[in-house]
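# A structural model of the following input is requested.
(chains A and B)
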There are 2 protein chains.
Amino acid sequence: MGKLKVAVVGYGNIGKYAVEAVKAAPDMELAGIVRRQADAIMGIDVPVVDDISKLPKVDVALLCTPTRSVENYALQCLKLGICTVDSYDIHETIYELKMTLDAAAKEGGAASIISAGWDPGTDSVVRAVMLASAPFGLTHTDFGPGMSMGHTVAAKAIAGVKNALSMTMPMGYGVHRRDVYIEIENGADFEKVRRDLMADPYFATSDTHVYKVDDVNVLIDKGHGVHMVRKGGAGKTQNQIFEWKMTIDNPALTSQIMVACARAAKKQVPGAYTMLEFPLIDLLPGGREELIRSLV
Amino acid sequence: MGKLKVAVVGYGNIGKYAVEAVKAAPDMELAGIVRRQADAIMGIDVPVVDDISKLPKVDVALLCTPTRSVENYALQCLKLGICTVDSYDIHETIYELKMTLDAAAKEGGAASIISAGWDPGTDSVVRAVMLASAPFGLTHTDFGPGMSMGHTVAAKAIAGVKNALSMTMPMGYGVHRRDVYIEIENGADFEKVRRDLMADPYFATSDTHVYKVDDVNVLIDKGHGVHMVRKGGAGKTQNQIFEWKMTIDNPALTSQIMVACARAAKKQVPGAYTMLEFPLIDLLPGGREELIRSLV
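Residues are numbered from 1 along each chain as shown, chains lettered A, B, ... in the order given. So this is what the prediction gives:
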């Protein structure tokens, strides 16, 4: 069997790491990169095009675009019979995306794996394992310390803000503090900026701390973390405790999980799937016998 | 859709907890208990029979028998078209069991889920998630503190031993100490028992500590634990760290996972499966949309 031909769509933060992860995968080859500006990229020896239909042969497209563009790109690829993987992360509308892409995938004869990242994604898998192991009880998820993209964008939108960083700080059992670092524009009033930010819906309901700094950029790292705990009952037996913890580089992990899902996409019958809906062995390279002998 | 009719085969440690877990499941009913001595069991209001063919209608049989009897019971059930779930735990021969039961399952038109417990079982799932997330690196698994059934049986087999308990003590990163508590027979020489035990292949290669006690039974609890750590690379990015930890009641968790797998068994096409080989959403009761909305 030949290598899986994988295209990376979007060459931002996640796309760059996705290229590295595809190149590191023993069973894949990078078919090309799709981005609006189809200029050659330094150090990249594959075609860079502005439309995926210009690449000769693609098995799976990794959609490393902003989350709101995922649906359009996915529909285009599926129509061409190309499998897709995305890390769509708007939890409230994942099911709607699945329904839309499921129909398109079946029509195009390709599979689509959606919300393939760490949350949603592998955390979803761990939540399912915890719930199956202890059906009665509570699960709490703590995120961070790490940068929140959504809250950072919201902070940057406040009048008088030149640059901002919003960090998610885990206070334990699902409660988070927001630490917001602000670089203000020349002549802006920090106290007014602080009050406007605290009143913004993104921050109004959390314990939010705002700090004035000279340079936001020196504060940014892409590390992140999760700590998930379930305490619950199995049958009639109480106090079963499960924990999942990770400290990771956010775009590197997201893109690596997308790469593993590219493998799985090619093995499913046409349709759209979350990570709970296909066998996890499909994520891994190598033969089934060897995987079962080493992992089970 | 009616409730899933589940039979419990074997009424030892795991079987008793399996009965509780089936009764606690909203979508299942206990079809009966199969054991060699088919006497009524105090407090149990379902048929107790000595052969599963004597029960009127069974969808899935939970094989709560000693691990070495699993294959025979599974073959009998599958021939009758009854799905099976076992917690077969001899890691070296799991693949062979899968191959044998796969053929029987396809012939009988039923599905069989094998090695459904916590290790093998949910730990196998977590290992696969870790490996997909960081393909380069090392995973270490620590077990305990908890009772080792195999080592306890080996200790009891030493001449002069009246009763024994072998505890697995996690020393970190995959190294375990054996703490063995021994009640000696009248007139036996504890020093000789200790030397014979230390020379036994079960103990010779581990750091083993042997203690003489008056009563082993007061030392036994069924709690156990796991701590699994992977440190590895995703793409070109190093030092991604993942941890899975649990402290649990051993038979209660094993039987609860088997009960969740009973649900999954009924949803698969005929064949034999490890927990890596079917979608994890199949473990859970409730509708697909509701599960995706709450977990993903």
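
# what residues are up against the residue nearest to residue A:192 when sequence neighbours are not counted?
Nearest-residue entry for residue A:192: residue A:160, 6.7 Å, with adjacent residues in sequence omitted and distances by Cβ to Cβ, 6 or more residues apart in numbering or on different chains. From N, CA and C alone the C-beta is placed, and that goes for glycine too. If you count contacts by Cβ atoms under 8 Å, 6 or more residues apart in numbering or on different chains, residue A:160 has them with A:184, A:185, A:188, A:189, A:192, A:193, A:196.

# hmm, 10 Å instead?
Residues near residue A:160 by Cβ atoms under 10 Å, 6 or more residues apart in numbering or on different chains: A:182, A:184-190, A:192-194, A:196-197.

# check contacts around the residue in chain A sticking out farthest from the centre.
Distance to the chain centre peaks in chain A at residue A:187, reaching 37.6 Å (criterion: Cα atoms, centre = their mean). By Cβ under 10 Å, 6+ apart, the residues touching residue A:187 are residue A:160.

# Check it and give its pLDDT.
pLDDT recorded at residue A:187 is 96.

# Just the element for the residue of the stretch 51-200 of chain A found nearest chain B, please.
Nearest residue of the stretch 51-200 of chain A to chain B, counting by Cβ to the nearest Cβ: residue A:132, 3.9 Å away. Using DSSP states H and E, residue A:132 maps to helix A:122-133.

# so who does the residue of the stretch 51-200 of chain A closest to chain B touch?
Counted by Cβ under 10 Å, 6+ apart, residue A:132 has contacts A:234, B:122, B:125, B:256-257, B:259-261, B:263-264, B:275, B:280-285.

# so residue A:74 sits in a helix?
Yes: counting by DSSP: H, G, I helix; E, B strand; the rest coil, residue A:74 is found in a helix.

# does it really touch residue A:265, like I thought?
No: counting by Cβ atoms under 10 Å, residue A:74 stays clear of residue A:265, with 11.3 Å between them.

# Return every residue with contacts to both of these two.
In contact with both residue A:74 and residue A:265: A:61, A:82, A:83, A:84, A:85, A:105, A:110, A:112, A:272, using Cβ under 10 Å, 6+ apart.

# Between these, which sits nearest residue B:176?
Among the shared contacts of residue A:74 and residue A:265, residue A:85 lies closest to residue B:176 (Cβ to Cβ), at 39.2 Å.

# And the pLDDT for the residue nearest in space to the middle of chain A?
The centroid of chain A falls nearest to residue A:117 when counting by Cα atoms, centre = their mean (3.6 Å). The model reports residue A:117 with a pLDDT of 97.

# Pairing partners for it in the sheet, please.
Note on residue A:117: beta-bridge partners by DSSP bridges are residue A:121.

# That one contacts residue A:91, doesn't it?
No: contact between residue A:117 and residue A:91 fails when scored by Cβ under 10 Å: they sit 11.5 Å apart.

# list the residues that contact both of these two?
Common neighbours of residue A:117 and residue A:91, using Cβ under 10 Å, 6+ apart, are residue A:124.

# Just give the nearest non-adjacent residue to residue A:196, would you?
Per Cβ to Cβ, 6+ apart, closest to residue A:196 is residue A:158, 5.1 Å.

# List the residues that contact the one you found.
A:164, A:180, A:182, A:184, A:188, A:192-200, A:202-203.

# Go through these and name the one with the lowest pLDDT.
Ranking these by pLDDT, residue A:202 lands last with 92.

# wait, what's in contact with that one?
Here residue A:202 is in contact with A:148, A:150-155, A:157-158, A:166, A:178, A:180, A:208 (Cβ under 10 Å, 6+ apart).

# ditto for residue A:137
Residue A:137 neighbours (Cβ under 10 Å, 6+ apart): A:130, A:131, A:230, A:231, A:232, A:233, A:234, A:238, A:239, A:240, A:241, A:242.

# could you redo the last one with a cut-off of 7 Å?
Going by Cβ atoms under 7 Å, 6 or more residues apart in numbering or on different chains, residue A:137 touches A:230, A:231, A:232, A:233.

# The nearest residue to it once chain neighbours are set aside pairs with what?
Of all residues not flanking residue A:137 in the chain, residue A:232 sits nearest, at 2.1 Å (Cβ to Cβ, 6+ apart). Listed by DSSP bridges, the beta-bridge partners for residue A:232 are residue A:137, residue A:240.

# chain center to the top helix by length along chain A: distance?
Longest helix in chain A, counting residues (DSSP state H): helix A:250-267. Offset of helix A:250-267 from its chain centre (Cα atoms, centre = their mean, to the nearest Å): 10 Å.

# what comes up buried for the helix or strand just after that helix?
Once helix A:250-267 ends, the next helix or strand along the chain (criterion: DSSP H and E) is strand A:271-273. Within strand A:271-273, the residues scored as buried using 16 or more other Cβ atoms under 10 Å in any protein chain shown are A:271, A:272, A:273.

# Which single one of these is nearest to chain B?
Using Cβ to the nearest Cβ, residue A:273 comes nearest to chain B of those, at 8.1 Å.

# one step back: just the CA coordinates for the helix holding residue A:132, please, in PDB.
Only the C-alpha atoms of helix A:122-133 are listed here, as PDB (Å, rounded to 0.1, in the frame of the first residue of the first chain):
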ATOM      1  CA  THR A 122      -8.900  13.400  23.100                       C
ATOM      2  CA  ASP A 123     -10.500  14.900  26.200                       C
ATOM      3  CA  SER A 124     -13.800  13.800  24.700                       C
ATOM      4  CA  VAL A 125     -12.500  10.300  24.500                       C
ATOM      5  CA  VAL A 126     -11.200  10.400  28.100                       C
ATOM      6  CA  ARG A 127     -14.600  11.700  29.200                       C
ATOM      7  CA  ALA A 128     -16.400   8.800  27.600                       C
ATOM      8  CA  VAL A 129     -14.000   6.300  29.200                       C
ATOM      9  CA  MET A 130     -14.500   7.900  32.600                       C
ATOM     10  CA  LEU A 131     -18.300   7.900  32.200                       C
ATOM     11  CA  ALA A 132     -18.300   4.200  31.100                       C
ATOM     12  CA  SER A 133     -16.100   3.300  34.100                       C
END
